[in-house]
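A.B. asks: coordinates only, no sequence provided:
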């Protein structure tokens, strides 16, 4: 940071890296002012999926499907006959999607396309065999079909989670915890499942938990500060929710303005309740460095003569209504109480709709919650991935056309790069 002359004073900073760069992140936390450090959740999902796709039986299945799709797409007569067959069988989709590169979303799209058009594919393969074509194409057997069904069930929730991240207009770290909890629910094993499904689910869940553990505290706090997810019901543990509330209070106090620098501090120090107890606390709202602040000032008044004999010291109104109303001043007395009060009030607010913008919600309420609004500004500024999720989970990998089958992979990579990064002025 010194070499690049980056001045981070007063800036909201965070570091997002791949899990493989764990040591670098820990070093940055130790030797720099960057203390918020999380892993790219997109890479966490990709790494978890890799544990399944690297299985030998899955590799064999993918290669079989890939060869069948290439065989049909590269033969114009078969491709035309295939489309006619799809129309006759009312399958809707009339084209097979070819896997492109090693990205798992492309593999999922190809396998899902194959499964939805399986009956038409088998018709085409029988037709090709009768014509003396495709003798070297290995078709899927019963075990392959069962494995394909299991694999798609495993990949579907992961694909849905990546779409949810990619479609967000403003992806925030607060999305990670609810998505993570939902994925773990999907990957709970059931006794009636086959051994392959259990093995796949277990390996994915272990990888997700392993990499999420290092960013769990940051993700929990970010989710609580997002009004869409602040209920934390998905944690399923009241103690965890209570711990998040406590940590939010601690963090809000930690980043709160130093009261010792408050221009009203001397007034508080000098004010004290006199012998007659005639002191009153006033609360003043003001701005400091553009931020809304509230200050309590205790002022004392000269002692007044007490009531005459037979008269009440409380007054007529207090005597008559005192047992029905309370006049006790419950205003928070210090920063901790203020933060705890804000956290409590915030947690009981009606949650925001999932399609609403949490940043706009905070912009309209930052004066109501000045302490935790500062905290939200810090944690909701952290993205969930090292780059925009649409670049990690892109549909560009799935737009393979049969007319482009001859393009070299390195040339396709260049085309995708130019598509994202080059704009005509």
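C.D. replies: Perfect, thanks for sending it. Computed from a predicted model, the values in this text were never measured in an experiment. Numbers count the residues shown, from 1 in each chain.
A.B. asks: CA atoms for contacts and neighbours, from now on please.
C.D. replies: Will do.
A.B. asks: point out where the stretch 1-150 of the chain drops to low pLDDT.
C.D. replies: Scanning the stretch 1-150 of the chain for pLDDT under 70 picks out 1-37, 100-102.
A.B. asks: give me the number of residues near residue 225?
C.D. replies: Residues near residue 225, counting by other CA atoms under 10 Å, number 27.
A.B. asks: for residue 177, same thing?
C.D. replies: 26.
A.B. asks: nearest residue to residue 173 other than its sequence neighbours?
C.D. replies: The spatially closest residue to residue 173, leaving aside those adjacent along the chain, is residue 384, at 4.4 Å (CA to CA, 6 or more residues apart in numbering).
A.B. asks: confirm that the one you found sits in a helix.
C.D. replies: No. Residue 384 sits outside any helix when classified using DSSP: H, G, I helix; E, B strand; the rest coil, being coil.
A.B. asks: for it, give its distance to residue 92.
C.D. replies: Distance, residue 384 to residue 92, by CA to CA, to the nearest Å: 36 Å.
A.B. asks: same thing with residue 233?
C.D. replies: With distances taken as CA to CA, residue 233 is found 40 Å from residue 92.
A.B. asks: between residue 384 and residue 92, which is the more surrounded one?
C.D. replies: Between residue 384 and residue 92, counted using other CA under 10 Å, residue 384 has the larger neighbour count: 23 against 12.
A.B. asks: distance of that one from residue 179?
C.D. replies: Relative to residue 179, and taking CA to CA, residue 384 is found at 11 Å.
A.B. asks: could you do residue 92 as well?
C.D. replies: Using CA to CA, which is the criterion applied here, residue 92 is 31 Å from residue 179.
A.B. asks: show me the strands in the stretch 151-300 of the chain, by range?
C.D. replies: Here the stretch 151-300 of the chain has its strands, by DSSP state E, counting those that start in this stretch, at 279-288, 291-300.
A.B. asks: what's the least confident stretch among these?
C.D. replies: Per-stretch averages of pLDDT across the strands of the stretch 151-300 of the chain put strand 279-288 at the bottom, with a mean of 57.
A.B. asks: before we move on, what's the pLDDT of residue 265?
C.D. replies: Here, the pLDDT recorded for residue 265 equals 42.
A.B. asks: please shift the residue numbers so they start at 229 in all later answers.
C.D. replies: With 229 as the first residue, the last one maps to residue 493.
A.B. asks: need the longest helix for the protein.
C.D. replies: Counting residues, the longest helix found in the chain (DSSP state H) is helix 370-394.
A.B. asks: my read is that residue 321 contacts residue 313, right?
C.D. replies: No. Assessed by CA atoms under 8 Å, residue 321 is found out of contact with residue 313, at 10.8 Å.
A.B. asks: the more surrounded of these two?
C.D. replies: Shown here are residue 321 and residue 313; by other CA under 10 Å, residue 313 has more neighbours (19 against 12).
A.B. asks: for the more buried one, list the residues it contacts.
C.D. replies: Neighbouring residues of residue 313 by CA atoms under 8 Å, 6 or more residues apart in numbering: 348, 351.
A.B. asks: again, but for the one 4 residues further on
C.D. replies: Applying CA under 8 Å, 6+ apart to residue 317 gives the contacts residue 348.
A.B. asks: how much space between residue 395 and residue 379?
C.D. replies: Note on residue 395: its distance to residue 379, by CA to CA, is 24 Å.
A.B. asks: of those two, which one has the most company?
C.D. replies: Shown here are residue 395 and residue 379; by other CA under 10 Å, residue 379 has more neighbours (21 against 11).
A.B. asks: around residue 446, how many other residues sit close by?
C.D. replies: Neighbours of residue 446 under the rule other CA under 10 Å: 18.
A.B. asks: surely it and residue 267 touch.
C.D. replies: No. Between residue 446 and residue 267 there is no contact under CA under 8 Å: 10.3 Å.
A.B. asks: that concludes my questions; thank you for your assistance.
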